[in-house]
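# Quick one, fold the following:
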Amino acid sequence: MFFRWWRLFRALAVPTILFLAPALAFQDLPRLSFVLSTRGALVNLALEISAVLALEACIVTSLTIALSAMHALGRWDERDDRRCAGLLTFISAVMFALTLIYPLEAFIGSILSTGAQAALILASIAALARLGWSDGLARLDNLNRSAQPVLTICPLLLLAGLAGDFGWRGFDPIPGARIADPIASKLPGTSNKPNIVLISFDALAAQDMSLYGYPLQTTAQFERLARRSYNFVNFVSTSDFTTPAAASMLTGEYPLTHRVFQLYGHLPHRLRKHNLAWILRDEGYTTAAIVTNPAAHPLTLRIADSFSQIPRPPTPRWVFAGTPLMQLTGNLLFDAVDAFGTNAVLKNFCWLSKRCNRESWIEPRRVLAAAQELIGEMPQPYFVWVHLYPPHSPYVAAAPFRGRYLPGDAFATQTQYLWESPGAYYSPAQQHRVNLLRLRYDESVAECDSALGEFADWLASGDRGANTILVVTADHGESFSNGWWSHQSPDLRYTETHIPLLISLPHQGRAYTESANADLTDLAPTMLALAGIAEPTWMEGHALIGRGRAVSPNTPSFSMYLAESDPFGAARRGAIAANSGPWHLVWYFPSGGASLFDIASDPAERHPMLASESRYPKSVAATLIGEIQRRFGDELNGAPDRAAKPTSPNP
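Next up is the predicted model:
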């Protein structure tokens, strides 16, 4: 049986080494070197090829068992083994040889690339037919045997993975004793610096918060906190989905600068120290993060070294299968697990478990309780970032909140949500179902609100609140109208980008409502200003309060959708939104088209402004488009240096 297994394995593995490995090296190494050190890129490549070989070993094991059973029954012989091995070689060789064409697509063009693929397939079939199928497959098996010395590279790949400075990091336990940070430089005078707690909710839309006028009482605790906070009513995200928004939150840079364009994207290796946590840690802060969405996690962004502590968040094991998968993002293994693993299992088998099906996957109270435990053991000054996955879909809230706004069984279980929720684009006939989903979403918002109220009270009690700044925001919003459900729309709808921002200072006893246009790039500079730390020149945002405040009430805020562009080169396709007062403009490139909305009178963006309307201020669109091009034209045209910070007012 072993010889049969080996014959079949080398039939798959030899083409992998001869064709796939060079193709991956040619295509992936430049990109991996963008987000890793050169050595780390080589190791990641070795792990990627090893993952393919491991998958092939699993396939071969199953096939060997089946063929051995047929051999025992007298229905399989040595000649059949040779033909089977030859067929595996033929299929894998053609498949992996095609991968050599993809790196050349940029040079030979996609049409020629498609023609080259078809020509390679036809030529392979013709050559095999010319030899005769049976004889040709046997010859391929002989070639495998003579080429098997190339498989000596397999153990070398494993050695590279084990010894290769990949920077693996696991979750840290929440300690039972006070944390000592060996890296943070405990500089004189740091004990007087304020503690900073940043709480961000995933997909928390300002439009569904009673704090901002929503008719359902969804955020009573937010309203109570706002009575002792700065409340920024025109605050937007820099993107309409998680990873680029989280990167902007921590770096103070727009996606065009930090280059995180896609979900599960990485910050470039050269920008690893360009983040708030690194600066604070270097200034003597103990830094920690409890992040319950892998797409926002410091390990995914590749800035884990900026945090003294990264505890495992209180989530089910299938949400965080393990830190290696986050650190292998962009790898074939990660993509396979993400595409065919968790979602498929949940969709088809979640109904078997009440815990999975009828209860919250991630409970806000448990997450904030873990944050309390962590904060209780941290020396001052500290910076703690807590990112909560709720109220992100699937909107199944805990029992006290389930049914508050929507009695009955509609979308009451995870399985029902996974099978029956509409796609991102939906027809007018589906609006009723979207409205039901929105009520479930509002229940999840109310659950988050209640948990936040308890945490804010705890943080303000005793000595903790005497020198602690609390910042509460979101990564992006959520849409339930105008034919788009959820988020990550290429149209950057205002409902997807308008998010809350509350900043509560120590001993603050009154409310301040701020109407200046602001976005997530302003968050990191603001926290640095409140800590008395100079803002680095590479940050693109401005301090909203505190020393160094530099935002004009008329300066526009910006959001970007770049998911269809390549982060390793100039952005070629996407959209940038500019917000100024009631105006929300979305500018598309490379077409140059634009849509303008009056958010004050049309918050759902059902009616784009038309030039023929008498109330249409013709200069608004031109001015905002000009501001986008002035700020970001260099990056869009491929220039290496970003534009300077804006100084001129806008409409």
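# Do a quick rundown of the strands in the stretch 201-350 of the chain.
For the stretch 201-350 of the chain, the strands defined by DSSP state E, counting those that start in this stretch cover 230-232, 235-236, 286-291.
# Name the strands paired with the first one and say parallel or antiparallel.
The pairing partners recorded for strand 230-232 under DSSP bridges are strand 501-504 (antiparallel), strand 512-514 (parallel).
# low-scoring pLDDT stretches of the stretch 101-250 of the chain, where are they?
Applying pLDDT under 70 to the stretch 101-250 of the chain picks out residues 101-114, 131, 133, 160-168, 174-191.
# ok so, going back, can you add distance to Ala97 and mean neighbour count and give the strands of the stretch 201-350 of the chain back as TSV?
C-beta: built from backbone N, CA, C; applies to glycine. Output for the strands of the stretch 201-350 of the chain, formatted as TSV (distance: least, Cβ to Cβ, whole Å; neighbours: other Cβ atoms under 10 Å):
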stretch	distance to Ala97	mean neighbour count
strand 230-232	56	23
strand 235-236	48	28
strand 286-291	41	26
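# could those go into TSV alongside distance to Leu263?
Conversion of the strands of the stretch 201-350 of the chain to TSV gives the following (distance: least, Cβ to Cβ, whole Å):
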stretch	distance to Leu263
strand 230-232	26
strand 235-236	19
strand 286-291	15
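# ok, back up a step: can you tell which of the strands paired with strand 230-232 is closest to Thr218?
With Cβ to Cβ, the closest approach to Thr218 among the strands paired with strand 230-232 belongs to strand 501-504: 14.9 Å.
# what's the offset of that closest one from the middle of its chain?
Remark: strand 501-504 is offset 24 Å from the chain centroid, using Cα atoms, centre = their mean, to the nearest Å.
# hmm, back to that, could you identify which of the strands paired with strand 230-232 is most buried?
For the strands paired with strand 230-232, the largest average neighbour count (mean count of other Cβ atoms under 10 Å) is found in strand 501-504, namely a mean of 24.
# pLDDT value on the residue lying farthest from the centre of the chain, please?
Most distant residue from the mean C-alpha position of the chain: Gly74, 53.7 Å away (Cα atoms, centre = their mean). The score at Gly74 is 79. That number is its pLDDT.
# coming back round to it: kindly reformat the strands paired with strand 230-232 as TSV and extend each row with mean pLDDT and distance to Pro391.
Listed next are these as TSV, based on pLDDT from 0 to 100; distance: least, Cβ to Cβ, whole Å:
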stretch	mean pLDDT	distance to Pro391
strand 501-504	98	16
strand 512-514	95	24
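# Now these in a markdown table, please, with extra columns for distance to Pro422.
Converted to a markdown table, these look like this (distance: least, Cβ to Cβ, whole Å):
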| stretch | distance to Pro422 |
| --- | --- |
| strand 501-504 | 30 |
| strand 512-514 | 36 |
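# So, low pLDDT: which residues of the stretch 451-600 of the chain?
Ranges of the stretch 451-600 of the chain meeting pLDDT under 70: 547-553.
# So which residues of it form helices?
Taking DSSP state H, counting those that start in this stretch as the test, the helices found in the stretch 451-600 of the chain are 494-497, 523-530.
# Can you dump the C-alpha atoms of the first one in PDB for me?
Extracted C-alpha coordinates of helix 494-497, given in PDB (Å, rounded to 0.1, in the frame of the first residue of the first chain):
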ATOM      1  CA  TYR A 494     -23.900  57.600   3.600                       C
ATOM      2  CA  THR A 495     -25.700  55.000   5.800                       C
ATOM      3  CA  GLU A 496     -22.600  52.800   5.500                       C
ATOM      4  CA  THR A 497     -20.100  55.500   6.400                       C
END
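# what's next to it, contact-wise?
205, 207, 236-237, 239-240, 476-481, 487-489, 559, 577, 579, 584, 597, 599, 603-605 (Cβ atoms under 8 Å, 6 or more residues apart in numbering).
# And this protein, what are its domain boundaries?
When the chain is parsed with automatic domain parsing, its domains come out as 2-163, 196-551.
# related to what we said a few turns ago, nearest to Arg402, out of the strands of the stretch 201-350 of the chain?
The nearest among these, by Cβ to Cβ, is strand 286-291 at 24.5 Å.
# what sits up against that closest one?
If you take Cβ under 8 Å, 6+ apart as the criterion, strand 286-291 is touched by 179, 181, 184, 277, 280-281, 297-298, 306-311, 313, 367, 370-371, 374, 378-387.
# when you check these against the helices, which ones overlap?
277, 280-281, 298, 367, 370-371, 374 (DSSP state H).
# Let me know the closest of these to Leu67.
Taking Cβ to Cβ as the measure, Leu67 lies nearest Pro298 of the ones in helices among the contacts of strand 286-291, at 47.0 Å.
# Pretty sure that closest one sits against Ser308.
No - contact criterion Cβ atoms under 8 Å: Pro298 and Ser308 do not qualify, at 11.3 Å.
# hang on, the earlier thing: of all the strands of the stretch 201-350 of the chain, which lies closest to Ala123?
Once the strands of the stretch 201-350 of the chain are compared by Cβ to Cβ, strand 286-291 is nearest, at 50.3 Å.
# From the chain's centroid, how far away is that closest one?
Taking Cα atoms, centre = their mean, one finds strand 286-291 lying 18 Å from the centre of the chain it belongs to.
# From Thr623, how far out is Ser601?
Shown here: Ser601 relative to Thr623, a distance of 20 Å by Cβ to Cβ, to the nearest Å.
# For those two, work out which one has more neighbours and name it.
Set Ser601 next to Thr623 and count neighbours by other Cβ atoms under 10 Å: Thr623 wins out with 20 against 9.
# how close does Asn301 get to Ser393?
Careful, residue 301 is Leu and not Asn. For Leu301, the distance to Ser393 (Cβ to Cβ) stands at 22 Å.
# what about the two, which has more around it?
Using other Cβ under 10 Å, the more surrounded residue of Leu301 and Ser393 is Leu301, with 27 against 22.
# Many thanks, have a good one.
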